[in-house]
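Student: Got a predicted model here, sequence first, then my questions.
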Amino acid sequence: MLKANQNYLKLPGSYLFSTIAKKVAAYKEANPDRTVISLGIGDVTQPISPAIIKSLHDAVDDMSSKETFKGYAPDLGYDFLRKAISENDYKKRGCDIAEDEIFVSDGAKSDSGNIQEIFSESCKIAVCDPVYPVYVDSNVMAGRTGTYDNGTEQWSDVIYMPCTADNDFVPDFPKETPDIIYICSPNNPTGTAMKKDALQKWVDYANEHGSVIIYDAAYEAYISEEGVPHSIYECSGARTCAIEIHSFSKNAGFTGVRLGYTVVPKELKDADGVALHGLWARRHGTKFNGAPYIQQKAGAAVYTPEGQREVKELVSYYMENAKTVKDALKAQGYAVYGGVNAPYIWLRTPEGMKSWDFFDMLLEKASVVGTPGSGFGPSGEGYFRLTAFGSHENTAEAVRRIKEL
Ligand code: MLT
């Protein structure tokens, strides 16, 4: 008897950003005369920089000649890119990550959704709350949906660790021990970042409890403060407890190009001594045919001196927006967080409004789209996220409209 995967039926009808897109499309249809400004989904708006564009063109040209044509990419990534990543993102920062511990992929979203496959369905996960929805949704799809009751207490496969203004958006250790801990820093959605000493405590906790940390570093290029680690491998002991996920989307504008990578150190093992590196390699070999050559060449250009300079300029461009939004909202009396080490501004909704009510009000009255905090988890209720990924002009206009509310 054909039966759909019942785990999927436990998820909300659509993914958060699809729900928002539908609402916005309906609003636009009903109000064709209004110009909508989107500071909702964290999608970049500025063009890819010249050094990277040149590399993309050159890579396309390589495909036109017998000598340089490329077929299937190596499923774990081309050596030229893995070497550039290892040198620039790790060795230069004093982190001991070898080229063959880097798995190149088509992006951090796929990796953060797929990585749970190498763990048993019986594993319990812990997530910061609010949380990037992919972590929870992908675990629910994999069957980690149970709620248990031992008579005195109740717990579930998914442990939510509240991150609010009360704990400076850094989670406390949960009462029960998780097997897999998701940490995103700088954080999506709160825009806050963990200092090295706080992250070191989590690394120590994971090593002590035999847990693994899945560390999402997609926004590391936005770190501006000293003392905030760019990689979890800056913490001692991380090689035995952490997997790290990176993106080229937010630093180099690859949301439409697609490229990312994941690091699985060889020392990282489960309780029976099974190396997770081999499992992730096995999964890549079976389910992935390698990120395209053209994208990987573009990724390598990010690490050239020109690429690095241009990427820094792009990051600064967006961070100017973060400052514009943050300063303006503060001046209007909003409680505002983030926006210093991340391209997200996290604000408290005015007068205790529900997040979705604020979303509707902002769309209706100002034609500005943001993301309701409660869409990221229960502790996001009463908060709201704006991105810094707009153009300067749109960001200034959005801020002006919010002021007039
Ligand atoms: C977001 O808005 O949270 C981002 O688009 C997340 C992502 O990169 O998928």
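Tutor: Ah, there it is.

Student: For the rest of this, base every contact and every neighbour count on C-alpha atoms.
Tutor: Noted.

Student: Need the distance between the two termini of stretch 214-232.
Tutor: 10 Å (C-alpha to C-alpha, to the nearest Å).

Student: and that stretch, which residues are buried?
Tutor: 214-223, 228-232 (16 or more other C-alpha atoms under 10 Å).

Student: Dump the helix or strand containing residue 57 to PDB, restricted to CA.
Tutor: Under the criterion of DSSP states H and E, residue 57 resides in helix 50-62. Below are the C-alpha coordinates for helix 50-62, written out as PDB (Å, rounded to 0.1, in the frame of the first residue of the first chain):
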ATOM      1  CA  PRO A  50      34.300  41.700 -10.900                       C
ATOM      2  CA  ALA A  51      37.100  39.300  -9.900                       C
ATOM      3  CA  ILE A  52      34.500  36.600  -9.300                       C
ATOM      4  CA  ILE A  53      32.600  37.300 -12.500                       C
ATOM      5  CA  LYS A  54      35.800  37.100 -14.500                       C
ATOM      6  CA  SER A  55      36.500  33.700 -13.000                       C
ATOM      7  CA  LEU A  56      33.000  32.500 -13.800                       C
ATOM      8  CA  HIS A  57      33.500  33.600 -17.500                       C
ATOM      9  CA  ASP A  58      36.900  31.900 -17.700                       C
ATOM     10  CA  ALA A  59      35.400  28.700 -16.300                       C
ATOM     11  CA  VAL A  60      32.600  28.800 -18.900                       C
ATOM     12  CA  ASP A  61      35.300  29.200 -21.600                       C
ATOM     13  CA  ASP A  62      37.200  26.200 -20.200                       C
END
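
Student: What mean pLDDT does that helix get?
Tutor: Regarding helix 50-62, the rounded mean pLDDT is 98.

Student: Of the buried residues of stretch 214-232, which is the nearest to residue 202?
Tutor: residue 232 (10.0 Å; C-alpha to C-alpha).

Student: my read: that closest one touches residue 199, true?
Tutor: Yes - between residue 232 and residue 199 there is a contact at 7.4 Å, judged by C-alpha atoms under 8 Å.

Student: one step back: which helices and strands does the helix holding residue 57 pack with?
Tutor: Using 3 or more C-alpha pairs under 8 Å, 6 or more residues apart in numbering; DSSP states H and E, the elements in contact with helix 50-62 are helix 293-302, helix 305-331.

Student: Would you tell me which one of these is buried the most?
Tutor: The highest mean neighbour count among the helices and strands packed on helix 50-62, using mean count of other C-alpha atoms under 10 Å, belongs to helix 293-302: a mean of 23.
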